[in-house]
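with the input below, show me the fold.
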Amino acid sequence: MTTITLAHPDSTVHEATAAAIIRVLEANDVEPEIVIGPKSALAEMLKNGEVDLYVSAWLPDDSDLLAPGVTPLGKLFQPSACCCISREDGPVVSLSDVAQAGSELSRT
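This next block holds a predicted model:
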């Protein structure tokens, strides 16, 4: 089995993106050694050749990672917005309820 070092930033959005890639790698008999950390440390590892594959959701500030010798392989998804409702029996069950609640809603 082939082994590669795969790195991703330490956040759930990047972890979810990496999970999709890891599944494809494993299905093709490639065993990833996973490195997780802050973007700055991973960028340095990428430049030094310590990481074979860097996976992220690719936010605008990630373009700084494209150092000489680093090749972007492609985009995994198209960004989009999503609205989720936590409970069907809660006080907010529709976008109409969100609009009516206004500033009463909290993000926490």
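
can you list the weak-confidence ranges in the protein?
Within the chain, the segments meeting pLDDT under 70 span 58-88, 106-108.

mind checking the longest helix of it?
When the chain is parsed with DSSP state H, its longest helix is helix 12-27.

after it, which helix or strand is next?
strand 30-37 (DSSP states H and E).

direction included, what does that following strand pair up with?
Partners of strand 30-37 in the sheet, by DSSP bridges, are strand 2-9 (parallel).

which residues are contacting the partner strand?
By CB atoms under 8 Å, 6 or more residues apart in numbering, the surrounding residues in contact with strand 2-9 are 14-15, 17-18, 21-22, 25, 29-39, 42, 45-46, 50-56. C-beta coordinates here come from the backbone N, C-alpha and C atoms, glycine included.

quick revisit: for the longest helix of the chain, packing partners?
Under the contact criterion of 3 or more CB pairs under 8 Å, 6 or more residues apart in numbering; DSSP states H and E, helix 12-27 touches strand 2-9, strand 30-37.

tell me what the helix or strand containing residue 44 is packed against?
Using DSSP H and E, residue 44 falls within helix 39-47. With contacts taken as 3+ CB pairs under 8 Å, 6+ apart, helix 39-47 sits against strand 2-9.

can you report how many residues lie near residue 43?
Residues near residue 43, counting by other CB atoms under 10 Å, number 21.

same deal with residue 18?
Residue 18 has 23 neighbouring residues, counting by other CB under 10 Å.

correct me if wrong: it contacts residue 55.
Yes. At 4.3 Å, residue 18 and residue 55 qualify as touching, with contact defined as CB atoms under 8 Å.

re the thing from before, among the helices and strands packed on helix 12-27, which is the most enclosed?
Across the helices and strands packed on helix 12-27, averaging neighbours per residue (mean count of other CB atoms under 10 Å) puts strand 2-9 on top, at a mean of 18.
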